[in-house]
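J.: build the 3D model from these lines:
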Amino acid sequence: MAFLPWWVLFYFPEQFVAFKKKYPQLELSIYEAGTTRIRDDIREGNIDLGTIVMDDATEDLITHPFLREEMMVVVPDSHPFASLSSISYDQLLTEPLVLFKEGYYQRNIIHKIEQATGRSPHIAFETNQISMAKSLTRKGLGITIFLKMVISEDSDLVGIPFETPFSLTLALSHRKGTYLSKANKAFLSFLVNQHVNH
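T.: Next comes the predicted model:
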């Protein structure tokens, strides 16, 4: 069955509940890894179908986009940045950061910012748990970067766009020439046809 990073299921529960109702005999596998690892496992033939970031797609993969969302700098509502309309790379790098571990798209953004500025970030905490990253940010122990939708229900957190915007497009992906099972084809068709947009 399709392999999905845990955070995709966390933020699109309605789609997966609907899928399970329509196809109760089929299973979804939760993959405790970032999209970079999923992409590599697809390319290596370890899994047939998974969710990747379009920026990470390679020529040997077929992709089916299903979501585009902006990445935001996230701060507590009491932070001096909270009133800004946008944030520069240099401003971001003045702050301690709460980040996911390597292999997640958030870290790709940080690497791009390092290359653009020639400066290294101060990574205060690393966690792959969204709830923990939010908690650390709320407590003023650092700021973080999330998809805009991740904080849509958090009134005490503020998302600020980058001066040079970053957007992420998620896609279901499989290798060219790979046979997809009926289950994988069903899931691919279902999710893409949902036109997931937040």
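J.: now do the helices in this protein.
T.: 6-11, 13-22, 35-43, 89-92, 105-117, 130-138, 182-193 (DSSP state H).
J.: in JSON lines, list the ones you listed along with mean neighbour count and distance to K176.
T.: All C-beta atoms are positioned from the backbone trio N, CA, C, and that covers glycine. Below are those laid out as JSON lines (neighbours: other Cβ atoms under 10 Å; distance: least, Cβ to Cβ, whole Å):
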{"stretch": "helix 6-11", "mean neighbour count": "17", "distance to K176": "23"}
{"stretch": "helix 13-22", "mean neighbour count": "13", "distance to K176": "25"}
{"stretch": "helix 35-43", "mean neighbour count": "20", "distance to K176": "10"}
{"stretch": "helix 89-92", "mean neighbour count": "17", "distance to K176": "36"}
{"stretch": "helix 105-117", "mean neighbour count": "17", "distance to K176": "23"}
{"stretch": "helix 130-138", "mean neighbour count": "18", "distance to K176": "33"}
{"stretch": "helix 182-193", "mean neighbour count": "16", "distance to K176": "15"}
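J.: I145: which of those is closest?
T.: helix 105-117 (5.1 Å; Cβ to Cβ).
J.: tilt between the closest one and helix 35-43?
T.: 110 degrees (axes from the mean of the first three to the mean of the last three Cα atoms, to 10 degrees).
J.: may I have helix 105-117 as PDB, with CA atoms only?
T.: C-alpha atoms of helix 105-117 as PDB (Å, rounded to 0.1, in the frame of the first residue of the first chain):
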ATOM      1  CA  TYR A 105      11.800  19.600   3.700                       C
ATOM      2  CA  GLN A 106      12.100  22.200   6.400                       C
ATOM      3  CA  ARG A 107      15.800  21.400   6.600                       C
ATOM      4  CA  ASN A 108      16.100  21.900   2.800                       C
ATOM      5  CA  ILE A 109      14.900  25.400   3.300                       C
ATOM      6  CA  ILE A 110      17.500  26.000   6.000                       C
ATOM      7  CA  HIS A 111      20.200  24.700   3.700                       C
ATOM      8  CA  LYS A 112      19.100  27.100   0.900                       C
ATOM      9  CA  ILE A 113      19.200  30.000   3.400                       C
ATOM     10  CA  GLU A 114      22.700  29.000   4.500                       C
ATOM     11  CA  GLN A 115      23.800  29.000   0.900                       C
ATOM     12  CA  ALA A 116      22.200  32.300   0.100                       C
ATOM     13  CA  THR A 117      23.600  34.100   3.200                       C
END
